[in-house]
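J.: sequence plus predicted model, see below.
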Amino acid sequence: MKLGICIALLLIVALTILPWCIGTYYTYFIFLMFYFAALAQSWNISASAGVISLGHIGLVGIGAYVYAILVTHQVPIHLSILLSGILTLPIGLLICPLLKLRGAYFTIATLGIPIIMKNLIIMFPSLTGGGIGLNLPPRTPSRVPDYYLALIILVISTFIVYFVKKSKYGLAVDAIFDDEDAANMMGVPTIRLKSILFLLSSFTAGLCGGIYAFSLPYISPTIAFGASDNVSILFVAFLGGVRTVLGPILGSIIICTMSELLRTSLPYFHMIIYGLLLVLGVHFFPGGIYPYIEKFLKRYTLRNLRTNGSDK
Amino acid sequence: MSKMIENVINAIAYGLINGILYGLLALGLAITFGIVKIINVSHGCLVMIGMYAAYWLYVLYGINPFLSPLIIAPLSLMMGMILQRFSIDKLKKRLRTGEYEMMVVLLMFGLAILMENSALILWKADYRALIIPSLSSPLKVGGIEISLGRLLIAITSVVIYCLISLFLKNTYLGKAIRAVIENEEAARLMGINTRVMSSIGLGIGISITVITGSFLGLLWNIYPSIGWSFLFYAFASVALGAMGSIIGSLVGGIIFGLLESICSVLWTAQVSPILSVLIFIAVLQFRPRGLFGGKE
């Protein structure tokens, strides 16, 4: 495991240097990759306990609007991004009572989150610009700050997922995922644990919203609560592998690369190919791609160890 | 003031009709949910397909939208049966329950993306409207002004609703499907061929949805992404009335239909979605299994 941490640290250092070696296009491309990975990871935090939310984009949109409103009132940028995460927490707290609903009922209720948020924002145009939206302050063409911010948030959310998985809470979370009633019976505080996970998830979602707005020149309800982004979150997380630490990152790398390639080569058909791949992927890689890679790597390293041992 | 009252009465009439349609949508979703055990996220896109089907059948072949269900229903029934038989059934056999649910959600998402974007490429993003002159003449009954088409849709929907609940309650096939929905294991022990029944069940669920879509095509503008806007109301109607309850889905649908139209007359259009979500959440807080679901 020490090896894994070393690799992760090396990777982070390499990624810190990277934007100085590549052009703006690739910096932006990798920023998008990080952004979607962070989003999927933040969704993954609560999904690890079986809390499947279809309203994650609602939290992201709130984060984006908090950032936009603060920045237009001359609050410093970095503080606004931090606050976009922190001020999304109370919204998450308001949703927490829903966590006592089970399975499909909770999932349906979360569909309502973006609907409420979007309409509330349209209803108060003096603060939020209503349906027309808000112009954000002009910024330099460099994408390096976006890149770093997204990297930081990705590292934070990945660390949270890793921590939850490796700590003693990880077992409790697994127990909740497998059978909530049984977990409750064994003394796991299911609702409290799910609430904490959901709050962590909404905090990181708010941060993601903040950097998303930071990367845009202008924000409106349709941009902030875009339904297609909601799809992408699930898509990235599921494809890579839900409830794994590296799955969402892998999913994001695959999806972003694929969409960039398809968008340029097959401009009108890329979404159809998305859909097809999803339908086929479900049949060939149930559980996401990452578990397969993990299995393959394990087998490979085991065989290596064994041959090394026999040589001695 | 009397103008206001007239508006409210009209809104109630409109809301009732929309509500009946939402109820029918919810019924389709409830049956699908019962069979597949996940909420079908491609539900809205199926509605969209139904709308386009009614539109093209009318525009190209001049088939009256009230007759088009006769063509649409068998096709969508077959679609649902194939989907269940060749895809969902296989996943169910191979995977654990938790994984199965996630994968089927994903599968449905994939289908939704596929349907929406195929529609986008085939028929472009233009708003289309299915206007039939003979059906849009207004009827005036005691202050309520309503078009003939709307009224006919409401009546047909109620008829379809009654037929389906009769089918589910009184025929062997219907009873078997209900048994599978309630408890698949027990149904299999009773000698019901659960695989066939679930594929027929999913087919029926999907064909109800698509037929409702073909009626909605008469009332709404038609464009590829419209499906998503029905999604929450359909889900919420099912959950409000109780998952799996037939009458519950109708009541849920009517509640949301009325809420929507009355709110948009009394306040602005933004209030009704917020209020609907809040009411939905409030009901679930006190009765986590829906209005007709009984206590836990």
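T.: Noted; the coordinates are in hand.
J.: who's in contact with residue A:111?
T.: Residue A:111 sits next to A:54, A:55, B:231, B:232, B:235 when contact means CB atoms under 8 Å, 6 or more residues apart in numbering or on different chains. For glycine as for every other residue, the C-beta is placed from the backbone atoms N, C-alpha and C.
J.: what mean pLDDT does the strand or helix carrying it have?
T.: Per DSSP states H and E: residue A:111 is located in helix A:103-123. For helix A:103-123, mean pLDDT rounds to 80.
J.: the stretch 151-300 of chain A against chain B: which residues are in contact?
T.: A:177-178, A:227, A:231, A:234-235, A:238, A:242, A:268-269, A:271-272, A:274-279, A:281-283, A:286-287 (CB under 8 Å from any CB of the partner chain).
J.: report pLDDT for residue A:230.
T.: So residue A:230 comes in at 66 (pLDDT).
J.: and the helices in chain B, which stretches?
T.: Assigned helices in chain B, in chain order: B:2-36, B:43-61, B:69-83, B:89-94, B:97-123, B:148-170, B:172-182, B:184-189, B:194-219, B:227-241, B:246-266, B:271-286 (criterion: DSSP state H).
J.: tell me the mean pLDDT over the fourth one?
T.: Per-residue pLDDT values over helix B:89-94 give a mean of 80.
J.: tell me the residues of the stretch 151-296 of chain B that contact chain A?
T.: Counting by CB under 8 Å from any CB, the stretch 151-296 of chain B comes close to chain A at B:225, B:228, B:231-232, B:235-236, B:238-239, B:243, B:268, B:270-271, B:273-274, B:276-278, B:280-281, B:284-285, B:288.
J.: quick check: the closest residue to residue B:17 other than its chain neighbours vs chain A, distance?
T.: For residue B:17, ignoring the flanking residues on the chain, the nearest one in space by CB to CB, 6 or more residues apart in numbering or on different chains is residue B:154 at 4.4 Å. Between residue B:154 and chain A the computed distance is 26 Å (CB to the nearest CB, to the nearest Å).
J.: and if you look at residue B:219?
T.: 21 Å.
J.: residues near that residue, how many?
T.: Neighbourhood size, residue B:219 [other CB atoms under 10 Å in any protein chain shown]: 17.
J.: tell me who's in contact with it.
T.: For residue B:219, the contact set (CB under 8 Å, 6+ apart) comprises B:18, B:21, B:149, B:150, B:153.
J.: ok, the third one touching residue B:135?
T.: Just to be clear, that refers to residue B:149. Yes - using CB atoms under 8 Å, residue B:149 is in contact with residue B:135, at 3.5 Å.
J.: what sits in contact with each of these two?
T.: Common neighbours of residue B:149 and residue B:135 (CB under 8 Å, 6+ apart) are residue B:218.
J.: count of residues packed around the one residue in the stretch 1-150 of chain A that gets nearest to chain B?
T.: Scanning the stretch 1-150 of chain A for proximity to chain B using CB to the nearest CB identifies residue A:112 as nearest, at 3.5 Å. Counted with other CB under 10 Å, residues neighbouring residue A:112 total 24.
J.: what ranges do the strands span in chain A?
T.: In chain A, the strands defined using DSSP state E lie at A:134-135, A:218-219.
J.: run through the stretch 201-312 of chain A and note the low-pLDDT ranges.
T.: Scanning the stretch 201-312 of chain A for pLDDT under 70 picks out A:227-231, A:287, A:302-312.
J.: quick one: the lowest-mean-pLDDT helix or strand in chain B to chain centroid distance?
T.: Within chain B, confidence by mean pLDDT, DSSP states H and E is lowest for strand B:138-141 among all helices and strands, at a mean of 73. Relative to the chain's own centre, strand B:138-141 is displaced by 27 Å; criterion: CA atoms, centre = their mean, to the nearest Å.
J.: adding distance to residue A:209, write the helices of chain B out as a markdown table.
T.: Shown next, in a markdown table, are those (distance: least, CB to CB, whole Å):
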| stretch | distance to residue A:209 |
| --- | --- |
| helix B:2-36 | 30 |
| helix B:43-61 | 25 |
| helix B:69-83 | 36 |
| helix B:89-94 | 34 |
| helix B:97-123 | 22 |
| helix B:148-170 | 41 |
| helix B:172-182 | 40 |
| helix B:184-189 | 42 |
| helix B:194-219 | 33 |
| helix B:227-241 | 20 |
| helix B:246-266 | 28 |
| helix B:271-286 | 20 |
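J.: closest one to residue A:132 among these?
T.: Residue A:132 lies closest, by CB to CB, to one member of the helices of chain B: helix B:271-286, at 19.1 Å.
J.: quick check: buried residues in that closest one?
T.: For helix B:271-286, a neighbour-count test (16 or more other CB atoms under 10 Å in any protein chain shown) marks B:271, B:272, B:273, B:274, B:275, B:276, B:277, B:280, B:281, B:283, B:284 as buried.
J.: quick one: which of the residues you listed is nearest to residue A:96?
T.: residue B:281 (12.0 Å).
J.: who in the stretch 1-150 of chain A is up against chain B?
T.: A:50, A:52, A:54, A:97-98, A:100-102, A:104-105, A:107-109, A:111-112, A:115-116, A:119-120, A:122-123.
J.: out of those, which are buried?
T.: Going by neighbour count (16+ other CB under 10 Å), the residues of the stretch 1-150 of chain A next to chain B have A:50, A:52, A:54, A:98, A:101, A:104-105, A:107-109, A:111-112, A:115-116, A:119-120, A:122 buried.
J.: number of residues surrounding residue A:146?
T.: As a burial measure, residue A:146 scores 22 neighbours (other CB under 10 Å).
J.: okay but it is in contact with residue A:216, surely?
T.: No - counting by CB under 8 Å, residue A:146 stays clear of residue A:216, with 10.0 Å between them.
J.: still on that earlier bit, sort the contacts of residue B:219 by pLDDT and name the bottom one.
T.: The member of these with the lowest pLDDT is residue B:149, at 79.
J.: skipping adjacent residues, who's closest to residue 211 in space?
T.: No chain was given, so I picked chain A. Spatially, and ignoring its direct neighbours in sequence, residue A:211 is nearest to residue A:149 (4.7 Å; CB to CB, 6+ apart).
J.: actually chain B
T.: residue B:69 (4.6 Å).
J.: for that neighbour, give its distance to chain A.
T.: As judged by CB to the nearest CB, residue B:69 and chain A stand 27 Å apart.
J.: ok, that residue to residue B:76 distance?
T.: Residue B:69 sits 9 Å away from residue B:76, taking CB to CB, to the nearest Å as the criterion.
J.: looking at these two, which is more packed in?
T.: More crowded of residue B:69 and residue B:76, by other CB under 10 Å: residue B:76, with 27 against 23.
J.: ok, now which ones touch residue B:236?
T.: So residue B:236 contacts A:108, A:112, B:252, B:256, B:276, B:277, B:280 (CB under 8 Å, 6+ apart).
J.: so how far is residue B:230 from it?
T.: To residue B:230, residue B:236 is 11 Å away according to CB to CB.
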